[in-house]
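1. With the sequence up front, the predicted model follows.
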Amino acid sequence: MELQGRTLAGRYEIGELLGRGGTADTYRALDKKLGREVAVKVLIERSSDTIERLLGEARAMARLNHPRIVAVFDAGEDEGYPYIIMELMRGRNLADLRSGELKYKQALGFICDILEGLDYAQSQGIVHRDIKPSNVMLDENSERVKLTDFGLARRASDVTQTTRTGQIIGTISYLAPERFLSKPADVRSDLYSVGILMYEIFTGTLPFRNDREDIVATMYSHVHDTPTPPREINRNIPEALERVILRSIEKDPGKRYQTAHEFYIDVDMLRTGQVAPVAAPVPSQAARPPRTFPTSPNIASDPDLRQAIDQALAPTRNRSDALENVLKGMIATRRRDYDQATEAYELAMHELQAIGNHVEYAKTAIKYATMILQKSADGMRERNELRNAVNRLMDARKIFRDYELTEQLAQAEYTINALERTAIGIIF
């Protein structure tokens, strides 16, 4: 879609393309009526759901008049092009910054700006639901920041209803655990995302697993893994800042900051050189599990929690069906219910093959084969199952080669060798 040079609604003259997103392109434009430059977000995909989301963003942002939130001026549709007219931000976003580019007080100032914006949104009953670096815009001089992209925002009174659909909406790496468990999201979920952002800024890494090719494992990492204390990664981080970060990313929303204003006070005290009054203890090394990310992450043993996670992955598309079955296979493997695990994995692989998702099929084949090895180690070796697992991994190995996924290729080859050695043990 190329709109440069066109005029929308007889008023907005489209200029250069500023960026492309998953559902919309953003252009610089001239508002000929008021003689000012603006940003125009124009939808690429024009399904009714996507248009409703765009209009939802416009409605949410139009209600928010605050210096730390990108302003929305207008919205509409012209010749089949739905659009939003927004304040033009001339700077970059946080995701564009190079490692080490932010100074300590500058970074804390940016966090204060974000929390000011969220505090105001909270006062208007709005939960953002997608706080991440690319949604934090810097001004032209990189002195202040503003929040943008309220396309996923909801009134706090509406959040419970929207989460009941089972859909997990937002950017996985920054979402709070309750978002994966079909539990209501509120401002504390946004504050968790701010905490993840702080952790990333001050350590250079994310606190939980971030495997784009294994969404289920990433979700489980947020729900179950204990983050490495930031000072173990960057010794220059003050202890008070570490306490603030760890409090903000607590699994239990009740243990986090309860309001953006409360969070702001502690961060501002750090920024001005005072000690933040935070009582959250740093987990001891003995109390913390090893910082490893196995192929199958720890699974909750609580049946209610398993049921909640199953509901969070409720099938809405074929890919969601497959992910749900992968999750069930992982849970059944943990319980050593090998019949159920086999059924779930085989169904998932069938679904992934049917929709042509080759990489996820290959990764699921590794999980299936690992389950067969565990079953064999438990004294239940079946030659046909071992042969089937080897055949699955042969297919997976070819896929990993085609996609140049060297780490997964090595894992597949190692598992094939283990399966073959186990099969030889049956023969002899």
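-> Happy to help now that I have it.
2. and Tyr27, bridged to which residues?
-> Leu17, Val40 (DSSP bridges).
3. mind checking the SS state of Leu88?
-> Put simply, Leu88 is coil when judged by DSSP: H, G, I helix; E, B strand; the rest coil.
4. That one contacts Val38, doesn't it?
-> Yes. The pair Leu88 / Val38 is scored as a contact, 5.4 Å apart, by CB atoms under 8 Å. In short, each C-beta sits where N, CA and C put it, glycine included.
5. shared neighbours of these two, which are they?
-> Residues touching both Leu88 and Val38 by CB atoms under 8 Å, 6 or more residues apart in numbering: Arg28.
6. Which one of the two is surrounded by more residues?
-> Val38 (21 against 17; other CB atoms under 10 Å).
7. got a list of what the more buried one touches?
-> Tyr12, Arg28, Ala29, Leu30, Asp31, Phe73, Ile85, Met86, Glu87, Leu88.
8. likewise His261?
-> With CB under 8 Å, 6+ apart, His261 has these contacts: Leu115, Asp119.
9. backbone phi and psi for it, please?
-> Dihedral pair for His261: phi -70, psi -40, per degrees, to the nearest 10.
10. where do the helices sit along the stretch 251-400 of the chain?
-> 260-271, 303-312, 318-335, 338-354, 358-377, 383-402 (DSSP state H, counting those that start in this stretch).
11. Most neighbours among the contacts of Val38, which one?
-> Ala29 (28 neighbours).
12. Doesn't that one belong to a strand?
-> Yes. Counting by three-state DSSP, Ala29 is found in a strand.
13. gap between it and Arg336?
-> In this view, Ala29 and Arg336 are 60 Å apart by CB to CB, to the nearest Å.
14. Also Gln411?
-> 22 Å.
15. Give me the more crowded residue out of these two.
-> Neighbours were counted for Gln411 and for Arg336 using other CB under 10 Å; Gln411 has more, 20 against 13.
16. From Lys32, how far off is the closest residue to Leu94 other than its chain neighbours?
-> Distances taken as CB to CB, 6 or more residues apart in numbering place Pro133 nearest to Leu94, at 3.8 Å, with adjacent residues excluded. Distance, Pro133 to Lys32, using CB to CB: 34 Å.
17. who's more crowded, these two?
-> Neighbour totals were compared for Pro133 and Lys32, and Pro133 leads with 17 against 12 (other CB under 10 Å).
18. Might you report the residue contacts of that one?
-> Contacts of Pro133 (CB under 8 Å, 6+ apart): Asn93, Leu94, Ala95, Leu197, Glu200.
19. Just the buried ones out of these, please.
-> Among the contacts of Pro133, the ones that count as buried by 16 or more other CB atoms under 10 Å are Asn93, Leu94, Leu197, Glu200.
20. Would you mind confirming that the last one is in contact with Val194?
-> So that's Glu200. No. Glu200 is not in contact with Val194 according to CB under 8 Å; the separation is 10.7 Å.
21. between these two, what contacts are shared?
-> With CB under 8 Å, 6+ apart, Glu200 and Val194 have no common neighbours.
22. now the strands: where do they sit in the protein?
-> 7-8, 12-20, 24-31, 36-43, 72-78, 81-86, 126-127, 136-138, 145-147, 154-155 (DSSP state E).
23. got the ones you listed as TSV, with mean pLDDT columns?
-> Shown next, in TSV, are the strands of the chain (pLDDT from 0 to 100):
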stretch	mean pLDDT
strand 7-8	92
strand 12-20	91
strand 24-31	91
strand 36-43	91
strand 72-78	86
strand 81-86	88
strand 126-127	86
strand 136-138	93
strand 145-147	94
strand 154-155	48
